[in-house]
Structures are given as C-alpha cells and as structure tokens.
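*Asks:* just a sequence and a predicted model for now, questions to come.
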Amino acid sequence: MSERADIVVIGGGLIGCSIALECARRGRGVTVIEKLESVGQGSTARSTAIIRQLYHERHSIKLAIEGLKLWEEWGQYLGHDQDLVRFHQPGILWVVKPEAMSTMPIDTLKQLGAEIEVLDEPVMTRRFPSFRFTGPLAGAPVAGLLEKRGGYVEDPSRAVRNLAHAAERAGVKFRLSEGVRVIEHDDSDLARTGRRRVRALHTDRGARIEADIIVNAGGPHSAALNLMAGCPLPLTTAPNLQAFVEGRETALDWNVGGKSPFPVCADPVSGIYFRPDSRAFRIGTVLPADDRRFLASADEPLPAPTPEFMADKIERLRRRQPGARLMGVEGTSALYDVTV
Ligand SMILES: Cc1cc2nc3c(=O)[nH]c(=O)nc-3n(C[C@H](O)[C@H](O)[C@H](O)COP(=O)(O)OP(=O)(O)OC[C@H]3O[C@@H](n4cnc5c(N)ncnc54)[C@H](O)[C@@H]3O)c2cc1C
C-alpha cells in the first residue's frame, strides 16, 4: 500500500526544511524524509554559518540580501519563538589587495541596498586594533570592504530545528531515521520530450511514497540522489571535503579597543576566513589547493585534518591576529556539495 504527498523533500537540512516550510505555507502537503535521527545534522551542522551579502553574481547578492532580512527577523519569519538561534551581526571585514578592490561588486551591492563601506589600511587599523594589516608579517598591502550587517548564526543545527518546528506547525510531516533508497521514474516520454518524471520513492523502512514533486535537498548526497532518479542534469555535483580549525579557548581579547565588535574576517590575502563565537573560534580555508579534495561518496568516513593543516591555518591567523593564543585546538572535516 502506497502513501502519498504533494511534495516529498529528501533531506532535513537547512535547505530541505526551508523548502518544506515555504511549500506548506503555500498550501501543499509536504513530507520531509531524513535518514539521520534528527534534522540539521548533515553538512549544515558543521557550517561556519557566516551570513554575507558579498557574492559575485547579481542574483546571488539579491538572494543573500533577502536571506539577511529573514535572519534579522527570524522569530517573526518563523511565527514562533521557541529556542530561537542567535544571529550575531558584528559585520564582515573582507581583507583584499588594493588592486583587487576594482573586481569587487561594490556598485551592485550598493544598488541592491547592501550597507557596505570601503576602508583603506589606516582606517582599518584604527577601527580594528587587534588586527595587523601592515609590516612584513602581514604580507601584501591590503584594503578592506566592510559588510556592516553581516555576521553569523551561532548554532546552525538549532536554526534548522527552528525551521522544522515552524514547518511542523504549517503541517509538514517529518519522517526521521528513514533513508530514501530508490526513486521510481517514468521514462515513457523521454524520447519525445527529453523528460523523465519521478513518480514515487522507496525508503529503507519499506515504505513507498507517491508524490507529484520530489525535491532533492540531500546536500553532499545530492549527486547520489540524482543518479537514483536517473536524472540527466546538465551538471554534476560531488562531495567536496572542507576542513576548519576550532579553538575552544583563546587568550585573545576580542573586544580590544572596545569600539567595534570583532568582525567576521574573510581574508583571501592570508588564505583563510575566521570568526569567534561564544564557544569556539573557527578558522576556515579559502586556498584553492584546499578546495580540490573530492570524495567518491558522501558516505565515506571523513578524515580528520592533519596537524600540518591545523598548524598552517593557525600560523596564517597569527599573521593577521598577532595576539591569538588558541588552546584546545582541534580540526574538523565536513562536506560541501560542489558543482564540478
Ligand atoms: C565547513 C563548512 C562551512 C560552511 N560555511 C558556510 C558559511 O559560512 N556560510 C554559508 O552560507 N554556508 C556555509 N556552508 C554551506 C552551508 O552550510 C550549506 O550550503 C548548507 O548547510 C547545506 O544545507 P543542505 O540542507 O543542502 O545540506 P545538509 O545539511 O547536508 O542536509 C542534507 C540532508 O539530507 C540527508 N540525506 C541525504 N541523503 C539522504 C537520503 N538518501 N535519504 C534521506 N535523507 C538523506 C542528510 O542526512 C542530510 O541531513 C558551509 C559548509 C561547510 C561544510
């Protein structure tokens, strides 16, 4: 006996739960299927959760500005105030080479309403006194772009639980600890229209669920789900290994100077980005070489970052933050879903 839903969303991460909520609010019957025990435990759980507006395509900037408004009015957007995640807005400081400033989408950001400020090195040094922007250890001369309303979400898993709670209130059904293992598709019109239609899916608990629409929100597993659906997309995605360093304690005084809160820092000149929060300090990598590690399957066990990787990132942090004394340092890996 089959069950039925208007829409089945595969994956209870940030994307799947957002889609489910929006579809339910438009009157559709939605079921979310998540193979883990609870929502928000996939790649979202490991996200650095930086909320920025600086992207290079106009439509991405527009979307990010819309998203920023939702984070700023999170409780209002969700329609509940249960255990809401905190969105901190200390600003995001982009540190770039002065000659790279002309490649930044400054006009587009301004046209679309982003609040930004272009800073030269003396102003940056005055505004952010714990940072080092000059001298041999700081490397190349730099300039800055400050996204004033940028920031980070303190606990991305909790953000997903917030969304799931709102979605449940809007009528979404969640099936947890249940994985999708087969997607039925109908290829009878393929030759004529070039289209396949998905009809139903089967789970590892023996359920068959029919749906008008099946949404692939599987994050790093999305390539595997596309294959299950026999889906001839003109793009291929693959799980991409990311690593970051977490310092659980720090002797650094984040409020040094006392004027500006410590910003999130995106620093392509040093090859890292970093941000503090109340429990951990995170350093991620933006070096192209660190971005080229693809896995055959998102189910492969994730290797821990090597001591050399961690030492390299901490050394890069100290170029910009000479006072940084990280303790309880550990490295963590997570997966992106990347178009290849
Ligand atoms: C280290 C790291 C840092 C990041 N930093 C940022 C950042 O600073 N800012 C930012 O905006 N973004 C950042 N991202 C990206 C952002 O976190 C992701 O784009 C987002 O969380 C992806 O959400 P998702 O719902 O698509 O995927 P996920 O959270 O991975 O959810 C997918 C879900 O699908 C489930 N699933 C998969 N296959 C099946 C199946 N067959 N059956 C049932 N369930 C299935 C999985 O269990 C999982 O729960 C970062 C990502 C990483 C890894």
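*Replies:* Structure received.

*Asks:* and Ala140, which of the three is it?
*Replies:* Secondary structure, DSSP: H, G, I helix; E, B strand; the rest coil: Ala140 is coil.

*Asks:* report how many residues lie close to Ser102.
*Replies:* 7 (other C-beta atoms under 10 Å). C-beta coordinates here come from the backbone N, C-alpha and C atoms, glycine included.

*Asks:* what's the neighbour count on the closest residue to Ala280 other than its chain neighbours?
*Replies:* Leaving aside its sequence neighbours, Ala280 sits nearest to Glu246 (C-beta to C-beta, 6 or more residues apart in numbering; 4.7 Å). Glu246 has 16 neighbours, counted by other C-beta under 10 Å.

*Asks:* could you check how far the closest residue to the ligand within the stretch 151-300 of the chain is from Lys62?
*Replies:* The nearest approach of the stretch 151-300 of the chain to the ligand comes at Gly219, 2.4 Å away (C-beta to the nearest ligand atom). Distance, Gly219 to Lys62, by C-beta to C-beta, to the nearest Å: 23 Å.

*Asks:* go on, Leu109?
*Replies:* For Leu109, the distance to Lys62 - C-beta to C-beta - is 10 Å.

*Asks:* these two - which one has more neighbours?
*Replies:* Leu109 (21 against 16).

*Asks:* what sits up against the one helix or strand the more buried one maps to?
*Replies:* Here Leu109 sits within helix 106-111, counting by DSSP states H and E. Residues outside helix 106-111 that contact it (C-beta atoms under 8 Å, 6 or more residues apart in numbering): Gln53, Leu54, Arg58, Ile61, Ile116, Val118, Leu145.

*Asks:* dump those residues into JSON lines; add neighbour count as well.
*Replies:* JSON lines is the format used below for those (neighbours: other C-beta atoms under 10 Å):
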{"residue": "Gln53", "neighbour count": "25"}
{"residue": "Leu54", "neighbour count": "20"}
{"residue": "Arg58", "neighbour count": "13"}
{"residue": "Ile61", "neighbour count": "21"}
{"residue": "Ile116", "neighbour count": "21"}
{"residue": "Val118", "neighbour count": "13"}
{"residue": "Leu145", "neighbour count": "21"}
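
*Asks:* those in helices, which ones?
*Replies:* Members of the contacts of helix 106-111 lying in helices (criterion: DSSP state H): Arg58, Ile61.

*Asks:* what's the most distant pair in the contacts of helix 106-111?
*Replies:* Arg58 and Val118 (19.0 Å; C-beta to C-beta).

*Asks:* quick one, what contacts whichever residue of the stretch 1-150 of the chain sits closest to the ligand?
*Replies:* Residue nearest to the ligand within the stretch 1-150 of the chain: Gly13 (2.2 Å; C-beta to the nearest ligand atom). Shown in contact with Gly13 (C-beta under 8 Å, 6+ apart): Val39, Gly40, Gly42, Ser43, Thr44, Val160, Ala217, Gly219.

*Asks:* closest to Pro305 among these?
*Replies:* Ser43 (16.0 Å).

*Asks:* that closest one - nearest residue in space that isn't next to it in sequence?
*Replies:* Gly219 is the one closest to Ser43 (C-beta to C-beta, 6+ apart), at 4.7 Å.

*Asks:* what's the burial count for the residue lying closest to Pro322 once chain neighbours are set aside?
*Replies:* When the adjacent residues along the chain are set aside, Pro322 lies closest to Arg132, with 5.3 Å between them (C-beta to C-beta, 6+ apart). The local packing of Arg132 (other C-beta under 10 Å) involves 17 other residues.

*Asks:* does stretch 173-189 come close to the ligand?
*Replies:* Yes - for stretch 173-189, a contact with the ligand is found by C-beta under 6 Å from any ligand atom, at Gly179, Val180.

*Asks:* what's the first helix or strand after the helix or strand bottoming out on mean pLDDT in the chain?
*Replies:* Ranked by mean pLDDT, DSSP states H and E, the weakest helix or strand in the chain is strand 237-250, scoring a mean of 81. Downstream of strand 237-250, the first helix or strand assigned by DSSP H and E is strand 264-267.

*Asks:* contacts for that following strand?
*Replies:* Contacts for strand 264-267 (C-beta under 8 Å, 6+ apart): 50, 52, 54, 90-95, 131, 150-152, 273-275, 286, 320.

*Asks:* ok, 7 Å please
*Replies:* With contact meaning C-beta atoms under 7 Å, 6 or more residues apart in numbering, strand 264-267 is reached by 50, 90, 92-95, 150-152, 273-275, 320.

*Asks:* with stretch 184-203 instead?
*Replies:* By C-beta under 7 Å, 6+ apart, stretch 184-203 touches 2, 8, 33, 178-183, 208-211, 214, 229-231.
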